[in-house]
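# Predicted model, plus sequence, below.
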Amino acid sequence: MKIVFMGTPDFAVQPLKALIEKGHEIALVVTKEDKPKGRGYGMSFTPVKEEALANEIEVFQPTTLNTEEVYEKLKSIEAELYVVVAYGKILPQKILDLPRLGCINIHASLLPSYRGAAPIQWAIIDGCKKTGITTMLMDSGLDTGDILKKYEINIEDDETGGSLFEKLALLGAKAIVDTIESLDTIVPVKQEDTDTKYASVLQKSMGNIDFSKDRDYIERLVRGLSPWPGAYSSLRGKNIKLLKVSKADVTDIKYKKEDYGRLISTKNNLYVVCKGGLLEILNLQLAGKKAMQSSEFLRGFKPEEDWLKRG
């Protein structure tokens, strides 16, 4: 099948690879613009561009899709289908109407849940037990098109944003191949608006932990924001990242339940007081230092009356 592929980040690379390996003709790859890299060291290609060039596929990087020149360029390809995966730009209706079989989007949630930019991380933060991939026919709305197929996976208790990202990227690759092979028999289903949540863009400020929040929520927040943008607080006026935490079920440590943010240590274990109980800090990173286990951190740091800043 002759396809135009639109995508930008790492998440889109596996689906592109799968389509190539399956023998589909990727006539054009459309991706976002290159970004400056470092201090005067040229431009950084998007992951999708790198994969396209490695397979000698033409790459197109328009700054906007709302020009006649872009429309004519895409029209000239005469593709049967567009596949769109985290491209990062809104497709005008006249472009959506170009391919005979429409535009299929790979979305990293079980729609209509988690429409928006960061469905992977929000599913963890909100405590969902399942998530998955939805393939849908695109329309002019934000993730509102008719559903083609859904592919479900479990969210593990120790799942992070990074680990779930990798699983869903691989699932997305399988999903798009399966969906295309099934197009003749799929009956698209319109989305309902019940139970829809908006997965807003992640901001670095989201990781500033408020220890007066529920312990279980904070534990999920740390996992969901790993590896980016990360969860953090401040200790003695310096930034500290909490890389890995665990809900601690200890009964022999005495503390005031309202001392949110207070650090408590034993010989090799470090805890912080949250609403609802203690979180054990397993891995952390101080500003300007390497990441370390808490046992290593405690060799040179003895919390006495130390507190992590609340949000």
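Ah, there it is. Being a predicted model, the structure only gives us computed values, none of them experimental.

# what sits against the spatially closest residue to Thr196 that is not a sequence neighbour?
Spatial nearest neighbour of Thr196, excluding adjacent residues (Cβ to Cβ, 6 or more residues apart in numbering): Pro112 at 4.5 Å. C-beta: built from backbone N, CA, C; applies to glycine. For Pro112, the contact set (Cβ atoms under 8 Å, 6 or more residues apart in numbering) comprises 144, 191-196.

# for Glu219, same thing?
By Cβ under 8 Å, 6+ apart, Glu219 lies in contact with 245-247, 279.

# residues near Glu25, how many?
Counted with other Cβ atoms under 10 Å, residues neighbouring Glu25 total 12.

# my read: it touches Phe5, true?
No - using Cβ atoms under 8 Å, Glu25 makes no contact with Phe5, being 10.5 Å away.

# Let me know the closest of the contacts of Pro112 to Lys130.
Closest to Lys130 out of the contacts of Pro112 is Asp195 (13.1 Å), distances taken as Cβ to Cβ.

# From what I see, the closest one and Arg115 are in contact.
No - the pair Asp195 / Arg115 is not scored as a contact, 11.1 Å apart, by Cβ under 8 Å.

# about what we covered before: between all of the contacts of Pro112, which two are separated the most?
Thr144 and Asp195 (14.1 Å).

# what about the two, which has more around it?
Ranked by neighbour count (other Cβ under 10 Å), Thr144 and Asp195 place Thr144 first, with 16 against 8.

# do you know how far Asp184 is from Asp216?
Distance, Asp184 to Asp216, by Cβ to Cβ, to the nearest Å: 46 Å.

# So which of the two has more stuff around it?
Asp216 (15 against 5).

# contacting residues around Asp126?
197, 220.

# Report pLDDT for it.
Asp126 carries a pLDDT value of 97.

# Tyr41 now?
65.

# just the one 4 residues further on next, same as before
In the predicted model, Phe45 carries a pLDDT score of 95.

# What backbone torsions are found at the closest residue to it other than its chain neighbours?
Excluding the flanking residues, the one nearest Phe45 by Cβ to Cβ, 6+ apart is Asp34, at 5.7 Å. Reported as degrees, to the nearest 10, the phi and psi values for Asp34 are phi -60, psi 150.

# what does Pro112 give?
For Pro112, the backbone dihedrals are phi -90, psi 10 (criterion: degrees, to the nearest 10).

# One more: Arg220?
Backbone torsions for Arg220, taken as degrees, to the nearest 10, come to phi -70, psi -40.

# Could you pull out the buried residues of stretch 133-152?
Going by neighbour count (16 or more other Cβ atoms under 10 Å), the buried part of stretch 133-152 is 133-139, 143-145, 147-151.

# And for it, what's in contact with it?
Defining contact as Cβ under 8 Å, 6+ apart, one finds that stretch 133-152 is touched by 84, 91, 93, 96, 102-112, 115-116, 130-132, 168, 171-172, 174-176, 178-179, 182-183, 186, 188-191.

# Buried only: go through these for me.
When the contacts of stretch 133-152 are checked for burial by 16+ other Cβ under 10 Å, the buried set is 84, 91, 96, 102-112, 115-116, 131-132, 168, 171-172, 175-176, 179, 186, 191.

# from these, which ones fall inside helices?
96, 168, 171-172, 175-176, 179 (DSSP state H).

# The most centrally placed residue in the chain and Leu19, how far apart?
For the chain, Ile120 is the residue whose C-alpha lies nearest the centre (Cα atoms, centre = their mean; 4.6 Å). Plainly put, Ile120 is 21 Å away from Leu19 if you go by Cβ to Cβ.
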